[in-house]
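My questions concern the predicted model and sequence given below.
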Amino acid sequence: MPKLTIDGQEIEVPPGTTVLQAAQRLGIEVPHFCFHERLAIAGNCRMCLVEQEKAPKPIASCAMPAADNMVIHTKSEKAKKARKGVMEFLLINHPLDCPICDQGGECDLQDQAMAYGFDRGRFEENKRAVKDKNFGPLVKTSMNRCIHCTRCIRFATEIAGVEELGATGRGEAMEIGTYIEKALTSELSANIIDLCPVGALTSKPYAFIARPWELRKTESVDVLDAVGSNIRVDSRGPQVLRILPRLNEAINEEWISDKTRFALDGLTRRRLDRPYLRRDGRLVEASWGETFAAIAERLQGLAGAKIAALAGDLADVEAMLALKELMASLGSANLDCRQDGAKIDPGCRAGYLFNTTIAGIEEADACLLIGTNPRWEGALVNARLRKRYLQGKFKVAAIGPRLDLTFPVVQLGLGPEILDDLAGGNHSWGEVLKTAKKPMLILGMGALARPDGAAILEAARRLAESCNMVREDWNGFNLLHTAAARVGGLEIGFVPGAGGRDCDAILAGCESGVIEAVYLLGADEIDTKRLGRAFVIYQGHHGDAGAHRADVVLPGAAYTEKDALYVNTEGRVQAVRRAVYPPGDAREDWTILRALSEVLGKKLPYDSLTQLRGHLVAAYPQFAQLDEAPRAAWGSFGTKGAIEPVPFAYPIGDFYLTDPISRASPTMAACSEVYRAAHRPAAKTGTHG
């Protein structure tokens, strides 16, 4: 390993380490703009110039590999003079926009100009003017400020896998753009805002809203999909103004999806901020006492078999536990957290988890996708799959309609009938899986949310076993969930009890009149027309489908307004933190259920969140450990049966409108419209002879 000396300190580094990275290991700061540890080296900005003994001129430390016996000086007069010259060149054309720039206070150029720049400039020529580009509804451009670091281009090409950004022209005439003006179509596109070291790329919805020092910062977790991306929620007063990614190497690294980042404006729209009762066919405002009394009156004397509960995709673990125990006290075993009807077997943990873990994808060498579109169902999972593909020697195949996943995928077929051929060794790709050192499969809700889902689950388990995916040192069987609440609900057993009905049977019971009362805990993705004449209690935070059908509406708290636990698709328990308080009379979900239980005469045994968490951990010890994904024991799951040769259908038709918060967001509506327009067939304008 090369050994070099930097500012008098000797260090030994792995081969391929750059001088800049070696300096960072010693805690020596070297200024830079274009370098980013997750992107390919560009060597554009020259801000990282340092002096190397015996070299004729300063070297770009970000692009120079460390070598034996190098002697580097980062604080010599030559290095300082080089940096001042580079900074002077960067500021020749940079506009004096700092007072009105949204990057102000978080700008690398500001910080480094103060720390490493000169106190004056020698150039008097007019600054260049560059036309702003239209990147769509999310990214605002001010191209006069661009310093040509090319971070955005490298991110789009390497991480997002959508080669839409590039540079045209040379020298002072160089411009960053999309060649032909169009909106960026990647679901990760807004990460270029974080990467931009100046104010050239900023958030369009957040433009001129706030300064960073005005914001209260809360570390939390995203719940708009089941990945559990770590985020920072920035709020001012009662409103969430910004959501940014938080570093977590095991899950999202330092990226988040555009929906995670920008659906926040849906938190203030269509909100349920007070209780409602349906009177004479219309929902009218009521007090908590009136709504609870109406529920108690309707449930009084009702047999448990006639009562049911469904948990939605955004429900937290504490609320589901409280509702489960309330239903048990009422004698009902009719409850389900799988509102899409997915035939997931709750009896075996390994059968419903992403066992490989998201970070573990980087160890795999073959992957089979079954009825899943990870680009929309788990954007950061897809980004990790692409990262593994770029490392080389990684084969991916898919069963389902053709997809663009930003990396090559072998299409094996449209439906599940091919699974038996793969497991029986009658297909060439079965050999690929069997000869791989660490093969994996990802099973999606598109495969399980159909009548033969249990048989497909069993066939996928057999395939995993026959291809040696499950061993002492490796588990390649994975379920990619689409709902943040799903794994948490399965962990606490929010599924039908003995003789109980699942989601489809509950809706069928409502249609036939067997089920007379249904409690919807944020369940908006069901067919509400099937609720028939049942008495519907809806508890949630948005006026979505469930609230429109409800007879009683109880206003709950959104994920930014409560302290709660969620479990991601890996089985990793994570905590969301309250950044702001719920609006109006809305309350945290578990407190509503606790208050209702007392009115019903079935008082739940906890009066505080601490007591509820203690009760949860006592019943389910896995909730005692936060941010860990312990390995689940392998077992038998699924049900052997006939598999219909019907093509898979992916569960998400529009990435930007998957939940009540996103559907209430004007920004997500604009993204959805742009995406539909981008994929709309071009009109025929005539023929050419």
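Cool, the structure landed. Numbers count the residues shown, from 1 in each chain.

Now do the contacts for residue 25.
For residue 25, the contact set (CB atoms under 8 Å, 6 or more residues apart in numbering) comprises 11, 13. (Each C-beta comes from the backbone N, C-alpha and C, glycine too.)

Mind checking what helix or strand follows the top helix by length along the chain in sequence?
In the chain, with assignment by DSSP state H, the single longest helix is helix 77-92. Downstream of helix 77-92, the next assigned helix or strand under DSSP states H and E is helix 108-116.

contacting residues around that following helix?
By CB under 8 Å, 6+ apart, the residues outside helix 108-116 that reach it are 31, 33, 47, 80, 83-84, 87, 90-91, 94, 98, 103-104, 147, 197-198.

which of these lies closest to residue 60?
Distance to residue 60 across the contacts of helix 108-116 (CB to CB) is lowest for residue 47, with 9.0 Å.

residue contacts, the closest one?
Shown in contact with residue 47 (CB under 8 Å, 6+ apart): 31, 32, 33, 34, 83, 86, 87, 90, 112, 116.

Pull the most distant pair out of the residues you listed.
The distance between the two most remote of the contacts of residue 47 (CB to CB) is 15.1 Å, for 34 and 116.

ok, these two, which is more surrounded?
The neighbour count for residue 34 versus residue 116, taken as other CB atoms under 10 Å, is higher for residue 34 (23 against 18).

Test my guess that the more buried one contacts residue 60.
No: judged on CB atoms under 8 Å, residue 34 makes no contact with residue 60 at a distance of 9.4 Å.

any common contacting residues for these two?
Shared contacts of residue 34 and residue 60 (CB under 8 Å, 6+ apart): residue 43.

Tell me where the stretch 301-450 of the chain has strands.
Ranges of strands in the stretch 301-450 of the chain, per DSSP state E, counting those that start in this stretch, are 307-311, 335-336, 366-370, 395-399, 410-413, 439-444.

Among these, which comes closest to residue 259?
Comparing those by CB to CB, strand 439-444 comes nearest, at 17.7 Å.

what is the mean pLDDT for the closest one?
When pLDDT is averaged along strand 439-444, the result is 97.

How about stretch 190-208?
In the prediction, stretch 190-208 has an average pLDDT of 97.

Helices of the stretch 401-550 of the chain, residue ranges please.
All helices of the stretch 401-550 of the chain, identified by DSSP state H, counting those that start in this stretch, fall at 418-423, 428-435, 445-448, 453-466, 486-491, 503-512, 545-549.

which ones are touching residue 429?
368, 397, 410, 412, 422.

Tell me which two in these are the farthest apart.
Maximum pairwise distance among those (CB to CB): 12.3 Å, between 410 and 422.

higher neighbour count, these two?
The neighbour comparison of residue 410 against residue 422 (other CB under 10 Å) goes to residue 422, with 29 against 12.

Name the residues that touch stretch 413-420?
With contact meaning CB under 8 Å, 6+ apart, stretch 413-420 is reached by 370-371, 399-401, 412, 426-427, 447, 452, 456, 459-460, 463, 643-648.

Type out the PyMOL command that picks the buried ones from those.
To isolate the buried ones among the contacts of stretch 413-420 in PyMOL, judged by 16 or more other CB atoms under 10 Å, type:
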select buried, resi 370+371+399+400+412+427+447+452+456+459+460+463+643+648
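
Closest one of the contacts of residue 429 to residue 218?
Of all those, residue 218 sits closest to residue 368, with 39.1 Å by CB to CB.

Give me the number of neighbouring residues for the closest one.
The burial count for residue 368: 28, using other CB under 10 Å.

what's the distance between it and residue 479?
13 Å (CB to CB, to the nearest Å).

Then residue 41?
Taken as CB to CB, the span from residue 41 to residue 479 is 38 Å.

Check residue 591 too.
According to CB to CB, residue 591 and residue 479 sit 32 Å apart.

Look at the two and report which has more neighbours.
Higher neighbour count among residue 591 and residue 479: residue 479, with 29 against 19, using other CB under 10 Å.

Would you enumerate the residues in contact with the more buried one?
Contact analysis of residue 479 by CB under 8 Å, 6+ apart lists 344, 351, 352, 353, 354, 442, 443, 444, 448, 569.

The fourth one touches residue 633, doesn't it?
In this case it means residue 353. No: using CB under 8 Å, residue 353 is not in contact with residue 633, being 10.9 Å away.

Mind checking which of those two has more residues around it?
Neighbours per residue (other CB under 10 Å) separate residue 353 from residue 633, with residue 353 holding more: 27 against 7.

quick revisit: tabulate the helices of the stretch 401-550 of the chain in CSV, adding columns for distance to residue 653.
Shown next, in CSV, are the helices of the stretch 401-550 of the chain (distance: least, CB to CB, whole Å):
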stretch, distance to residue 653
helix 418-423, 24
helix 428-435, 28
helix 445-448, 11
helix 453-466, 19
helix 486-491, 19
helix 503-512, 20
helix 545-549, 15
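
Please indicate which of the ones you listed has the most neighbours on average?
Across these, the average number of neighbours (mean count of other CB atoms under 10 Å) peaks for helix 445-448, which reaches a mean of 28.

what packs against it?
Contact here means 3 or more CB pairs under 8 Å, 6 or more residues apart in numbering; DSSP states H and E; on that basis helix 445-448 packs against helix 453-466.

Recalculate using a threshold of 10 Å.
Secondary-structure packing of helix 445-448 (3 or more CB pairs under 10 Å, 6 or more residues apart in numbering; DSSP states H and E): strand 366-370, helix 453-466, strand 477-480.

quick one: the strands in the stretch 151-300 of the chain?
Under the criterion DSSP E, counting those that start in this stretch, strands of the stretch 151-300 of the chain are mapped to 166-168, 175-177, 201-203, 216-221, 230-236, 239-245, 276-279, 282-285.

Now those strands in CSV, please, with extra columns for mean neighbour count.
Formatted as CSV, the strands of the stretch 151-300 of the chain follow (neighbours: other CB atoms under 10 Å):
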stretch, mean neighbour count
strand 166-168, 13
strand 175-177, 20
strand 201-203, 22
strand 216-221, 18
strand 230-236, 21
strand 239-245, 20
strand 276-279, 17
strand 282-285, 12
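
I'd like the ones you listed laid out as JSON lines, including distance to residue 2.
Shown next, in JSON lines, are the strands of the stretch 151-300 of the chain (distance: least, CB to CB, whole Å):
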{"stretch": "strand 166-168", "distance to residue 2": "33"}
{"stretch": "strand 175-177", "distance to residue 2": "35"}
{"stretch": "strand 201-203", "distance to residue 2": "36"}
{"stretch": "strand 216-221", "distance to residue 2": "38"}
{"stretch": "strand 230-236", "distance to residue 2": "35"}
{"stretch": "strand 239-245", "distance to residue 2": "33"}
{"stretch": "strand 276-279", "distance to residue 2": "70"}
{"stretch": "strand 282-285", "distance to residue 2": "71"}
